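Participant: Test case, fold it:
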Amino acid sequence: MRIWVARPEPGASRTAARLTELGHRPLIAPVMRVAPTGERPPEGPFDAVLLTSASAAEPLAALGATAALPVFAVGRRTAEAARRAGFAEVVSADGDAQALAALVGRTCPPGARLLHPAGADRKAEPGATLAAAGFRVAVWTAYAARAVDRLPATVLAALGGEEGGLDGVLHYSRRSAETATKLAVAAGAEARYRALRHFCLSADVAVPLVERGVAAHFVAARPDEDTLLAGLAQAR
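Facilitator: Numbers count the residues shown, from 1 in each chain. Sure, this is the predicted structure:
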């Protein structure tokens with residue numbers, strides 16, 4: 001299948017490589033661009049780091065002094081990004097924000113001070129649960145994801161049947177799914193966009209599609225890429 005990878009780089013290229021290995025034809029066309037904010041982090045010291053996105057790994061590593069801290073990552077992909085960035089003590093919750101909060105609760109004593117490098121567009125968890133349990137969570141807006149202005153030309157062409165057309169799209173975040181949908185509508189390609197097979201990383205990611213009446217072909221039972229890509233086999 002020809003699959004549109006709408007997630008930001010550098011993850012888009014890694015996903016495309018996996019799609020190629022599985023016999024699919026990826027179309028890399030992110031609808032979001034991620035960049036560091038340049039915002040100064042909160043003053044330490046900290047006992048550990050919460051990592052809810054791989055996009056925070058590089059800004060975090062640039063701090064240098066945090067490299068010796070234990071890192072609690074939401075999932076395997078985020079944990080791998082932390083290790084590539086130079087962190088040695090990394091533990092993955094292999095789940096979602098609630099799983100991450102539970103992991104920290106089992107591992108760290110209440111009262112521990114945790115640094116959470118996050119995006120400008122973020123959710124309350126896992127910070128809300130951990131704060132209620134007595135942890136001190138300092139949020140640092142380390143990066144921001146900005147939507148592109150229009151539907152990528154390569155996607156619009158593929159939706160029109162050029163270069164082999166387009167069969168499906170992978171949605172990795174709620175905001176990305178919402179952005180892709182809005183851009184398709186604005187480009188006058190809503191009907192063709194609706195006809196795609198939509199593969200979502202989680203039920204939360206699928207919400208913008210459901211609200212627009214776009215059918216989600218597959219929603220991963222676990223919010224990880226292995227489960228998401230396994231769903232492609234169901235579409236053949």
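Participant: what residue ranges in the protein score low on pLDDT?
Facilitator: 65, 236 (pLDDT under 70).
Participant: Helices along that one, start to end?
Facilitator: 11-21, 57-61, 76-84, 97-107, 127-132, 153-159, 174-186, 190-194, 203-212, 225-230 (DSSP state H).
Participant: what's the last one packed up against?
Facilitator: When you say that, I think you mean helix 225-230. Packing partners of helix 225-230 (3 or more C-beta pairs under 8 Å, 6 or more residues apart in numbering; DSSP states H and E): helix 11-21. From N, CA and C alone the C-beta is placed, and that goes for glycine too.
Participant: Distance from the helix it packs on to the middle of the chain?
Facilitator: Distance of helix 11-21 from the chain centroid (C-alpha atoms, centre = their mean, to the nearest Å) equals 14 Å.
Participant: quick check: angle from it to helix 76-84?
Facilitator: 120 degrees (axes from the mean of the first three to the mean of the last three C-alpha atoms, to 10 degrees).
Participant: For helix 11-21, buried residues please.
Facilitator: Gly11, Ala12, Arg14, Thr15, Ala16, Leu19 (16 or more other C-beta atoms under 10 Å).
Participant: Could you say which one of the helices of the chain comes nearest to Met32?
Facilitator: Judged by C-beta to C-beta, the one of the helices of the chain that comes nearest to Met32 is helix 174-186, at 5.4 Å.
Participant: which parts of that closest one are buried?
Facilitator: Arg174, Arg175, Ser176, Ala177, Glu178, Thr179, Ala180, Thr181, Lys182, Leu183, Ala184.
Participant: okay if I get the residues you listed as a markdown table plus distance to Asp204?
Facilitator: As requested, the buried residues of helix 174-186 are arranged in a markdown table below (distance: C-beta to C-beta, whole Å):
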| residue | distance to Asp204 |
| --- | --- |
| Arg174 | 5 |
| Arg175 | 11 |
| Ser176 | 12 |
| Ala177 | 10 |
| Glu178 | 11 |
| Thr179 | 15 |
| Ala180 | 15 |
| Thr181 | 15 |
| Lys182 | 18 |
| Leu183 | 20 |
| Ala184 | 20 |
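Participant: from those residues, which single one is nearest Met1?
Facilitator: For the buried residues of helix 174-186, the closest approach to Met1 (C-beta to C-beta) belongs to Ala180, at 17.1 Å.
Participant: Go ahead and confirm that closest one touches His171.
Facilitator: Yes: taking C-beta atoms under 8 Å as the definition, Ala180 is a contact partner of His171 at 7.0 Å.
Participant: Against Pro59, how distant is Arg40?
Facilitator: Distance of Arg40 to Pro59, computed by C-beta to C-beta, to the nearest Å: 11 Å.
Participant: more crowded one of those two?
Facilitator: For Arg40 and Pro59, the more surrounded residue by other C-beta atoms under 10 Å is Pro59, and the numbers stand at 20 against 8.
Participant: show me what contacts the residue nearest to that one when sequence neighbours are not counted?
Facilitator: Leaving out its chain neighbours, the residue that sits closest to Pro59 by C-beta to C-beta, 6 or more residues apart in numbering is Ala142, at 4.0 Å. Contacts for Ala142 (C-beta atoms under 8 Å, 6 or more residues apart in numbering) come out as Pro36, Thr37, Glu39, Pro41, Ala56, Pro59, Leu60, Pro117, Ala118, Gly119.
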